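A.B. asks: Here is my input; please provide its structure:
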Amino acid sequence: MTDNTVTGARIKVLVVDDERPLLQVVRDALELDGYAVDTATNGDEALALVGRERPDLILLDVNMPGVDGWEVLGRLRAAAGPQTPVVVMTAGYDAQDQALASGAQGFLGKPFELEDLLSAVGAHAGLPMEGAHEVTRHDLTASDSAP
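C.D. replies: Residues are numbered from 1 along each chain as shown. So this is what the prediction gives:
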């Protein structure tokens, strides 16, 4: 298990997917790795959860009925104030380019290995955002050492 904390608190990940079996597998894997996990099965539920308490990362399926992940991502990026890194999860063809162009910080193609999931979460969870762009760990280190 890795140290998945931000300023002493466990990193909170919101996983949004309408496929309940996949949602449970992802939740279990992340919790075993030390993350605090909330889940949502649709876009409206995800937006409501984010409105109550902003997570450190959102894993977002885009192919959902009703309010799909693309609309959720658009609404998140249109909001003022602090932003949350988003990793899009989908099996959609050419979705990686659309995800990054839409304001996501990462992409996870379905199906994925648990190692890939944990790698994507570790790379993006808890990173501060400037607008819709992450401040990378390298940027944080460089600014800490700047005079």
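A.B. asks: In contact with Q98, which residues?
C.D. replies: W70, G92 (CB atoms under 8 Å, 6 or more residues apart in numbering). Quick note: C-beta positions are derived from backbone N, CA and C, even for glycine.
A.B. asks: how about the residue nearest to the spatial centre of the chain, secondary structure?
C.D. replies: Geometric centre of the chain, nearest residue: I58, 2.5 Å, by CA atoms, centre = their mean. Following DSSP: H, G, I helix; E, B strand; the rest coil, the label given to I58 is strand.
A.B. asks: Does it touch M89 like I think?
C.D. replies: No - using CB atoms under 8 Å, I58 is not in contact with M89; the gap is 10.1 Å.
A.B. asks: Any idea what the nearest residue to E19 once chain neighbours are set aside is bridged to?
C.D. replies: Closest residue to E19 apart from its sequence neighbours, by CB to CB, 6 or more residues apart in numbering: D61 at 7.4 Å. Under DSSP bridges, the beta-bridge partners of D61 are M89.
A.B. asks: gap between D61 and E31?
C.D. replies: The gap separating D61 from E31 is 19 Å, by CB to CB, to the nearest Å.
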